[in-house]
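Student: I need the structure of the sequence given here:
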Amino acid sequence: MTKKIHFYKYQGTGNDFVITSDIYQITTQQIQLLCDRKFGIGADGVIVMKKDSSVDFDMMYYNADGSESFCGNGSRCAVMHAKFLGWISDQCSFNSNDGQHEASINNELVNLKMHDVIEVGSSGQDFIANTGSPHYIRFQDTLNLDIVSPAKEIRYSNEFKEEGINVNFVVSKDDSLQIRTYERGVEDETLSCGTGVTASVIAEYVKSQHSGSDYYRKVETEGGMLAVSFTKTELGFQNIYLIGPAVQVFSGEIGI
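Tutor: Next up, the predicted model:
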């Protein structure tokens, strides 16, 4: 039987999501319908939210194919939506797919605290880091017009095809990083990926053999500007923050 739910469409630097608090249990088929850009609403992923007595709210993120993962941009959108609903003011804590997070809202920017990253791996000249989702990072002098074909070669290689990996192509500029990302679960390029941005900034720190403890970097995605800050300690990368906008686009009802 079809159930009508109220939804909100959000985007964080072009990474777009369907958010609802009308349901918390959702099927793969329903997720795929909501994300379908021809027969549904259209989105890179679905976020379902509910209030929680131990933290401000719980959220679960699902990729467009129904698979679960942590999503940085999606979490930032969920924080902004929680404020819209009156669940929080400008500070919050919430549970997501990879555990508990904290966030704050300042001048319409969401500052999302990510989990610590202990180490960064390598694959030849490239880097591998897990920032809630696994990421492969390749630094280049320029960004190719087509990143999907080389990204698929990595994502579906024998090493990564079973669990999948997101693939980032990065150019280091003086004032910022320029990045394009192919996301597993979407199986295409997205306009922005928060966990990919975070992983790429950390990888740049390692690649450049930076010696300072505090690091801040602006990042230019296809969908807009983000920023990442962290502190490097003997234990790894701590106090990692993903910083950027989250905007409500529209709302409506749909039968699922």
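Student: does residue 122 touch residue 128 like I think?
Tutor: Yes. Using C-beta atoms under 8 Å, residue 122 and residue 128 qualify as a contacting pair, with a distance of 6.8 Å. The way it works is simple: take the backbone N, C-alpha and C, and place the C-beta from them, glycine included.
Student: the more surrounded of these two?
Tutor: More crowded of residue 122 and residue 128, by other C-beta atoms under 10 Å: residue 128, with 18 against 13.
Student: how about the nearest residue to that one, chain neighbours excluded?
Tutor: Leaving aside its chain neighbours, residue 128 sits nearest to residue 121 (3.9 Å; criterion: C-beta to C-beta, 6 or more residues apart in numbering).
Student: show me where the stretch 101-250 of the chain has its helices.
Tutor: Secondary structure of the stretch 101-250 of the chain (DSSP state H, counting those that start in this stretch): helices at 148-155, 194-207.
Student: which one of those helices lies nearest to residue 15?
Tutor: In terms of C-beta to C-beta, the element of the helices of the stretch 101-250 of the chain nearest to residue 15 is helix 194-207, at 7.1 Å.
Student: check contacts around the closest residue to residue 67 other than its chain neighbours.
Tutor: Among residues not flanking residue 67 along the chain, residue 185 sits closest, at 4.7 Å (C-beta to C-beta, 6+ apart). Counting by C-beta atoms under 8 Å, 6 or more residues apart in numbering, residue 185 makes contact with 45, 63, 64, 65, 67, 69, 164.
Student: what's the distance between the fifth one and residue 137?
Tutor: As judged by C-beta to C-beta, to the nearest Å, residue 67 and residue 137 stand 21 Å apart.
Student: between the two, point out the one with more neighbours.
Tutor: Per other C-beta under 10 Å, whichever of residue 67 and residue 137 has more neighbours is residue 137, with 27 against 15.
Student: show me what contacts the more buried one?
Tutor: By C-beta under 8 Å, 6+ apart, the contact list for residue 137 reads 126, 127, 128, 129, 168, 170, 196, 199, 200, 203.
Student: try it again at 10 Å.
Tutor: 120, 122-123, 126-129, 166-170, 179, 181, 196, 199-204, 206-207 (C-beta atoms under 10 Å, 6 or more residues apart in numbering).
Student: pLDDT below threshold where in this protein?
Tutor: In the predicted model of the chain, residues 1 satisfy pLDDT under 70.
Student: now do the domain split for it, please.
Tutor: Per automatic domain parsing, the domain ranges recorded for the chain read 4-111+246-255, 121-245.
Student: touching, residue 226 and residue 76? I think so.
Tutor: Yes. The criterion here is C-beta atoms under 10 Å, and residue 226 meets it with residue 76 at 9.2 Å.
Student: now for those two: what residues contact both?
Tutor: The contact lists of residue 226 and residue 76 share 12, 13, 15, 109, 194, 242, 243, 244, 245, where a contact means C-beta under 10 Å, 6+ apart.
Student: list residues touching both of residue 122 and residue 128?
Tutor: Here residue 122 and residue 128 have 137, 203 as joint contacts, going by C-beta under 10 Å, 6+ apart.
Student: before we move on, back to that, just the buried ones from the contacts of residue 137?
Tutor: Applying 16 or more other C-beta atoms under 10 Å to the contacts of residue 137, the neighbour count classes 120, 126-129, 166-170, 179, 181, 196, 199-204, 206-207 as buried.
Student: now, the contacts of residue 185 that are in strands?
Tutor: Here DSSP state E is the test, and the contacts of residue 185 give 45, 63 as lying in strands.
Student: next, format the contacts of residue 185 as TSV and append distance to residue 143.
Tutor: As requested, the contacts of residue 185 are exported to TSV (distance: C-beta to C-beta, whole Å):
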residue	distance to residue 143
45	24
63	24
64	23
65	26
67	27
69	24
164	22
